[in-house]
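Trainee: just the structure for this:
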Amino acid sequence: MTRTLFWVISDTGWHDGSLAAAWGGWWLGLSGVHVTVQPLYPPEGPEMTWPQGVAVADPVAEGRGRWAAARITRRLSESLQDADRVITDQDFDTEFRVLRALQGAVHSPFLFARQAELPSSRTDAALVPYGSFESILAASRVAMQIILAADLVLPSRCFLVSPPPLPQAEAETHPWPFPQDGTPTLAMAGALTPVKGVDAVLNALTVLRDRHRTARLMVLGDGPDAARLQVYAAALGIEAVFLPDWLTWSAYLHRADQCLAPQFRDGLGWEVAAASACGLPVLANQLPVLAERVENFSGARLLPRPAVMDWVEALEASLVPHREAPRDSLNRGGQGWMEALGWNS
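Mentor: The predicted structure is shown next:
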C-alpha cells in the first residue's frame, strides 16, 4: 500500500521551510512514502533543488495579492483531499491557509516546527490553534520545548525528529573547485539570506589576508542574497565559490577543512548537524539550535558574540583544524519521522 504525503510550504524558493521539505521529503521517500511538495505561491528568487522521488506541484496561487485568499483555500482543499498525511511548514500564513483548507476534513494536518521562537504577535499566535494539528514534528529540542512551555499541545502529540543524513554524492562526479595547494577551505551551507552571516565571514577573511593568513570560502546553497554576496566577495578579492545544489553537499563537506555557521538568527541547523556527522570541525555563533546540533562533538566551537573581530580571532586560531572522526549517532540520523506521522508499523 502506497503512503502519500503532501508537504505544504510558502514557496519553492531558498529558505529553511523549502530546504526541510526537500531534505525531509527525500528521507521519507526512502521509507516508501510518496511525497508531494505543495507551494502556495511562486518562488521569489532562486528555486530550491528537488531530489528525484519528490514531486513538486504547481503553486495554488499566481501571486500574493490580497484577493487570492478564497482561491487559495479552495484550490488547496482540492489538492490535499486525497493525501494520507499533510504536513504544513511552520510559517504563519502557510499554517493558517492549510488549517482553513482542511476544516471539516477527515484528517488533521501535521505541523513541521522548525523555528526557535513562536510568532511575536499575540494575534498571529492566537489565529493558529496549535491544538488543531494532528501532531507536531519538532525539528529540534529547542522548538519542542518552546511549544510545550507555551502549553499549546499535549506533550504526547509533540514528537522530536532528528536531522536526516545527507544524500551521498560521489566526489568523483563533483570536482573540487580549488587548486590543491594546501590553502584551507572554509565551507558554509544553507539558505543565503541577510541573516546568514556570509558578509561577516567575508569581512573577517579580508582582515586575515592583511595578516598574511589566507583561506578560501565555499558557499553551499542559494537564496535571495546569493547574487549580492558573489559580487561582494569579488569586490573584496576573496576567493569564493557558490555551489547551489544541496544534493551535492556531502561531496564537499567531506573534503572541506572547516564548517562555518555565522548566522545571526537560529533556524533549522541541519547543515551543521551534517557537517559534524562527517567529522568536519564547526565554528558557529552560540545559538540554541546550533548548540544542540553540535553537542558532545569535540570539533565544535561556539562564539558568544557575532562580531567580525571575534570571527577573525577564532579563524586565525583554527585555519588548519584537526578533523574529527565521523559521528555514528548522526550518521544514523532521520529518526522519529515515521512514528511522528503514525506510520511506525
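Trainee: output the lowest mean pLDDT helix or strand found in the protein.
Mentor: helix 328-331 (a mean of 49; mean pLDDT, DSSP states H and E).
Trainee: following element in sequence after that one, please.
Mentor: Scanning the chain past helix 328-331 towards its C-terminal end, the next helix or strand to appear is helix 337-340 (assignment: DSSP states H and E).
Trainee: run through who's touching that following helix.
Mentor: The set of residues that contact helix 337-340 without belonging to it, under C-beta atoms under 8 Å, 6 or more residues apart in numbering, is 24, 27-28, 31, 110, 135, 137, 159, 161, 164, 344. To be clear about C-beta, it is placed using only N, CA and C from the backbone, and glycine gets the same treatment.
Trainee: which of the residues you listed fall within helices?
Mentor: Among the contacts of helix 337-340, DSSP state H puts 24, 27-28 in helices.
Trainee: now those residues in CSV, with pLDDT, distance to V201 and neighbour count?
Mentor: Converted to CSV, the ones in helices among the contacts of helix 337-340 look like this (pLDDT from 0 to 100; distance: C-beta to C-beta, whole Å; neighbours: other C-beta atoms under 10 Å):
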residue, pLDDT, distance to V201, neighbour count
G24, 97, 27, 25
W27, 96, 29, 21
L28, 96, 33, 25
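Trainee: which one of these sits closest to L303?
Mentor: Taking C-beta to C-beta as the measure, L303 sits nearest to G24 out of those, at 28.7 Å.
Trainee: look up the closest residue to that closest one, ignoring the ones flanking it.
Mentor: Computed as C-beta to C-beta, 6 or more residues apart in numbering, the closest residue to G24 that is not its neighbour in sequence is P164, at 6.2 Å.
Trainee: now stretch 217-227: average pLDDT?
Mentor: Model confidence over stretch 217-227 averages 96 on the pLDDT scale.
Trainee: may I see the buried residues of that stretch?
Mentor: For stretch 217-227, a neighbour-count test (16 or more other C-beta atoms under 10 Å) marks 217-226 as buried.
Trainee: just name the closest of those to Q180, please.
Mentor: Ranking the buried residues of stretch 217-227 by separation from Q180, with C-beta to C-beta as the measure, puts M218 on top at 14.0 Å.
Trainee: and that closest one, helix, strand or coil?
Mentor: Assigned with DSSP: H, G, I helix; E, B strand; the rest coil, M218 falls in the strand class.
Trainee: helix or strand: which one has the residue lying closest to it once chain neighbours are set aside?
Mentor: Take M218 and drop its neighbours on the chain: the residue closest to it by C-beta to C-beta, 6+ apart is A187, 4.6 Å away. Under DSSP H and E, the secondary-structure element containing A187 is strand 185-189.
Trainee: what does the next helix or strand after that strand contact?
Mentor: In the C-terminal direction, the helix or strand that comes right after strand 185-189 (DSSP H and E) is helix 198-210. Where contact means C-beta under 8 Å, 6+ apart, the residues beyond helix 198-210 that reach it are 186, 188, 192, 214-215, 217, 219, 225, 229, 232-233, 236-238, 240, 260, 262, 306, 308-309, 311-312, 315-316, 319.
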